[in-house]
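**Student:** for reference, the sequence and a predicted model appear below.
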Amino acid sequence: MTAKYKHTKCYVCGEPMIASSFNDTWAMRVDGVLHQVPLWSVPCSYCTACDIAITDGGSDEAIMWSYNKYLNETGLNTPYLMVRRWLRQRVLRIRDRISRDWYRTMQTLRRETQQ
């Protein structure tokens, strides 16, 4: 039994999209500062009719490789800065979780007091 491959269709025009890759420069934030990070060979789906390229989860590895290469080349990937970014990420997650829970509690409290 053989499975037939179905092309991904364009969200705009409905034409089939082709597998492609692109090189570009994206603005990424590193330690609160915006950097222009060059990307190489990022896989995407490309619509020739609309001239639109769409990335998905399969392109994350290429983007992270380019990001880490940029950090290494600019000296931003020292052990101290890596630990600092890791700690900052954890603190922000905890802060966001507390804020989200407080907001949900206040919504529930308002809803219950209005009834």
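**Tutor:** All right, it came through fine.

**Student:** could you pull out the strands in the chain for me?
**Tutor:** Counting by DSSP state E, the chain has these strands, from start to end: 18-30, 33-47, 52-54.

**Student:** rebuild those strands as CSV, extending it with mean neighbour count and mean pLDDT.
**Tutor:** In short, each C-beta sits where N, CA and C put it, glycine included. Converted to CSV, these look like this (neighbours: other C-beta atoms under 10 Å; pLDDT from 0 to 100):
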stretch, mean neighbour count, mean pLDDT
strand 18-30, 12, 93
strand 33-47, 16, 94
strand 52-54, 15, 91
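
**Student:** and those strands as a markdown table, adding distance to residue 97?
**Tutor:** Converted to a markdown table, the strands of the chain look like this (distance: least, C-beta to C-beta, whole Å):
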| stretch | distance to residue 97 |
| --- | --- |
| strand 18-30 | 21 |
| strand 33-47 | 26 |
| strand 52-54 | 31 |
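
**Student:** out of those strands, which is closest to residue 101?
**Tutor:** Nearest of the strands of the chain to residue 101, taken as C-beta to C-beta: strand 18-30 at 25.9 Å.

**Student:** I appreciate the help and will end here.
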